[in-house]
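# Build the 3D model from these lines:
(2 chains)
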Amino acid sequence: MSGEIDVIGSFATEEMCVHAIEELKDARIKPTRVFAPIPSEHINHALGYGRSPVRALVLTGGITGILTGFAVTIGTSMEWWLNAGGKPIVSLPPFIIIAFELMILFGGTSAVLGFLLNSRMPQLDPLPGYSERFSSDRFGVLVRCAESEKDRVEGILKEAGAETVAHQAA
Amino acid sequence: MAAAAKPVSGPTYADIDRGVRKIMEAPGLAYWAWVGFCFTLVAIAAALWTRQIYEGLGVTGLRQGPMWAMYITNFVFWVGIAHSGTLISAILYLFRTRWRTAVYRVAETMTLFAVLTAGLFPIIHVGRPWYAYWLLPYPNERSLQPDFRSPLVWDAFAVSTYLTISALFLIMGLIPDVANARDVAKGWRKVLYSIVSLGWQGTDTQWQHWSMAYLLLAGLATPLVLSVHSVVSWDFAMAQLPGWHSTIFAPYFVAGAIFSGVAMVLTLVIPMRKIMHLEDLITDWHLDSLAKVILLTGLIVTYSYGIESFMVWYSKDPIEMMTFHERYFGYHGWVFWVCIFCNCIVPLALFSPRIRRNTVLLFIITIFVNIGMWFERFMIVAVSQENNFNPSQWAIYHPSITEIMITVGSFGWFLGLFSLFARFMPIISMTELKEGIHWLREAVRDDYYPGLK
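Below is the predicted model:
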C-alpha cells in the first residue's frame, strides 16, 4: 500500500528481540512479523499468542481415527462373517487395537496438516523482510508502518539493541 | 534499553551451523566407496531374492516346524532397532531431556530406515511377493477378508502407522534445519532444500503452529512406540507355541527394542563423530547418557530372561520345560549363551564411567549388544519352533546362503540409506542444539564430569 514502509530490526539474541517487542507494544506499535532461528515461548508470550488451533485439529483427527477403526472392523466383520475358533464375530478387545492405531495415524496426520494450513505453507515466495540470517543466528522484528512513523519505529528498535535496522517499501 | 550482547564462551549459533553444514559438504571418494560397498551387498541380496522368487522358498532353510526363521528374525530385529529413535525423539522430548538434542536426528533417521528395512522382510518371507498386498486389511471379493482378531493384521496396522508417523515426525523436525541449509546452498541442493523446507522462514506464526504440532506428534508417537513393539510381540505371544506363549512378551520386547536401538544409535554416532570431527556438537556427555540408557535397558532385558525362565520352571509344564531345556542346552543352545554374554554380561561394563567415556570400548560394547540382540530375536523366533507339542514337527533349522546374504544385504540397505541421508540432509538438529545451547556449552566445557578429564 502506498505510504507504508517495512522497518526491519535484526537482533543478536532472543532476549533483545523480546525486549524490542515489549518496547514496541509500550509505544502502541504492533510488530507485523517476527523471524527467529529457534522456537521461542518468550517471543510468543510477548506477542500475546494463545494456544495454536492445531490442537483442535489433532483432537478431531484422533476421534475420527477411533471411529474409523471401529467402523472398519465392526462393519466388515458384520458384512463378511468369519468364524475363527468360535470367537465372537464382533470382538471388541482386538478391535480396540485397530482403533488405537488409527487414532494415532489420523491424529498425527492432522497435526502436520494443521501446521501447514495454519502457517500458510508451502510458502513459495520469500516474505517481506526475510533475511537468510534469520534462519541461522539472528532474530528479526518487522514493523509495517506509515512513512511518517518510520523514524520513531527505527529509534525504538535501535534503542532495544538492534544491530541493524533496514527498511523497504511495503 | 537492552544491554549489549555479552560475549559467550563455547559454541555459538554460527558455530553450530558451521559444524552441521560441514557434514553436508560434497563427500569424498572414501564416502562413495563405502556407499558403493553397502549397495553392492544390497545387489547381492536382490539377486538371491530374485532366485528365491524364481525357484520358490525351497532355496531357504524354511521347513515344516521352523517356518518363521531368519526373515522374521530380521523383521523383529529391525522394528526393534527403530524403537529407540522414537524413544529419543519423542519420549525424551516430552521429558525435556537435555542430552537428546545432539543425537535425536540420528536416532529418528535410523528409525525411518530401520522400519523401511523391517517392512521388506514380511514381503520376502511370503514367497510370492506379488500377493503381499493381501496382507493389507481391506474388504475384497476373494473370501480373503482380513481377520481383525489376528495379531498379524494388528501388525500391519501398527507398523504402517509407525512408518507414517516416524516419517512425518522426521520431516517436521527437518523443515527449519533444511531451510537453514537452503539459505546457503547452491545448484541442485538449493532446489532440493527449497522443496523439502516448504518455504519455511521462521516467522512467529510458523513457529507457533510448528511447536504445537511437534509437541502433539511427540505425544502421539509416545504411546505408539510402546504399542508397536507390543503388537509385534503378540505375533508370538498370542500363539500357543512353547517359547512364544508368554504374558511378559510386550514389556520384554519393548525393553529389548530400546536396548538394541540405543546401541545402534551409538554404533552409528561414534564413527560419524570421529570421521566428521563433531566432538564439539556430540560431546562425551551425550555418549555417556546414551550408554546409561543401554545399561538400564540391558538390566531390564537380563531380568526378563530370568523371569521368563522362572515362569517356565514354576509352571512345571513338561513341554515348556523341554523347550527351554533345548533352548539352553540343545543344538542351538550356543545362541542362548551368546545372548547372555552379549546382552547381560558385556553391558555391565557400562557401570564404569571411564568405560562409558572411552569411545573405542563403548563402540565395541554396542557391537556386542547388536549381535546379542539379533541372536535373541533368532532364539525366540526360530529356535522356539524347533520343538513343539507335536514330535513329528520337530526339526532343526539350518539357514541357507540365500537367507544369510539377504540378512547381510539388509544391513547394507540400512547403512547405505543412512549414509546417504547423513551427507545430504542435516543429520544433527541445528534448531534444537541452539535451543539448548546453554547445555551444549556446559557439555563442551565438561561441567558434567569435571573429575574424569
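# where does the residue of the stretch 51-200 of chain B found nearest chain A land on pLDDT?
Distance from chain A to each residue of the stretch 51-200 of chain B (C-beta to the nearest C-beta) is smallest for B:Gly199, at 3.2 Å. (Glycine included, C-beta is placed from N, CA and C.) For B:Gly199, the pLDDT comes out at 91.
# What of B:Tyr131?
pLDDT at B:Tyr131 comes out at 83.
# check contacts around it.
Applying C-beta atoms under 8 Å, 6 or more residues apart in numbering or on different chains, one finds that B:Tyr131 lies in contact with no residue.
# in the stretch 1-150 of chain B, what spans have low per-residue confidence?
Low-confidence segments of the stretch 1-150 of chain B, defined by pLDDT under 70: B:1-9, B:135-145.
# The same query, at a cut-off of 90, please.
Within the stretch 1-150 of chain B, the stretches with pLDDT under 90 are B:1-12, B:14-15, B:18-19, B:21-23, B:25-27, B:63-68, B:83-102, B:104, B:126-150.
# Check the stretch 301-450 of chain B too.
For the stretch 301-450 of chain B, the ranges with pLDDT under 90 are B:387-394, B:432-433, B:435-450.
# Flag every residue of it that's near chain A.
B:Thr431, B:Lys434, B:Glu435 (C-beta under 8 Å from any C-beta of the partner chain).
# Can you tell me which of those residues is nearest B:His209?
B:Thr431 (15.0 Å; C-beta to C-beta).
# Show the pLDDT at the nearest residue to the closest one once chain neighbours are set aside.
Excluding the flanking residues, the one nearest B:Thr431 by C-beta to C-beta, 6 or more residues apart in numbering or on different chains is B:Pro176, at 4.7 Å. With respect to pLDDT, B:Pro176 scores 95.
# B:Pro176 against B:Trp210, yeah?
Yes. Between B:Pro176 and B:Trp210 there is a contact under C-beta atoms under 8 Å: 7.4 Å.
# residue in chain A nearest to chain B?
Closest point on chain A to chain B, by C-beta to the nearest C-beta, is A:Gln123, at 3.2 Å.
# Could you pick out the longest helix of chain B?
Assignment by DSSP state H gives helix B:204-237 as the longest helix of chain B.
# What is the helix or strand following that one packed up against?
Next helix or strand after helix B:204-237 toward the C-terminus (DSSP states H and E): helix B:249-275. Here helix B:249-275 touches helix B:70-86, helix B:104-125, helix B:204-237, helix B:284-315, helix B:359-381, going by 3 or more C-beta pairs under 8 Å, 6 or more residues apart in numbering or on different chains; DSSP states H and E.
# Check for me that A:Ile5 belongs to a strand.
Yes. Under DSSP: H, G, I helix; E, B strand; the rest coil, A:Ile5 falls within a strand.
# Near it, how many other residues are there?
17 (other C-beta atoms under 10 Å in any protein chain shown).
# Pairing-wise in the sheet, spell out the partners of it.
In this entry, A:Ile5 is beta-bridged to A:Cys145, A:Ala169, by DSSP bridges.
# If we look just around chain A, which residues of the stretch 51-200 of chain B are in range?
Near chain A, when you scan the stretch 51-200 of chain B using C-beta under 8 Å from any C-beta, you find B:137, B:139, B:143, B:145-150, B:153-154, B:157-158, B:161, B:164-165, B:168-169, B:171-172, B:176, B:179-180, B:182-184, B:198-200.
# ok, which stretches of chain A are strands?
A:4-11, A:33-35, A:139-146, A:164-169 (DSSP state E).
# could these be laid out in JSON lines, adding mean pLDDT?
Converted to JSON lines, these look like this (pLDDT from 0 to 100):
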{"stretch": "strand A:4-11", "mean pLDDT": "92"}
{"stretch": "strand A:33-35", "mean pLDDT": "94"}
{"stretch": "strand A:139-146", "mean pLDDT": "93"}
{"stretch": "strand A:164-169", "mean pLDDT": "88"}
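# Tell me which of those lies nearest to B:Val369.
Among these, strand A:139-146 sits nearest to B:Val369 (C-beta to C-beta), with 42.9 Å.
# Figure out how far the helix or strand where B:Leu170 lies is from the centre of its chain.
Secondary structure assignment for B:Leu170, by DSSP H and E: helix B:151-182. Relative to the centre of its chain, helix B:151-182 is centred 13 Å away, using C-alpha atoms, centre = their mean, to the nearest Å.
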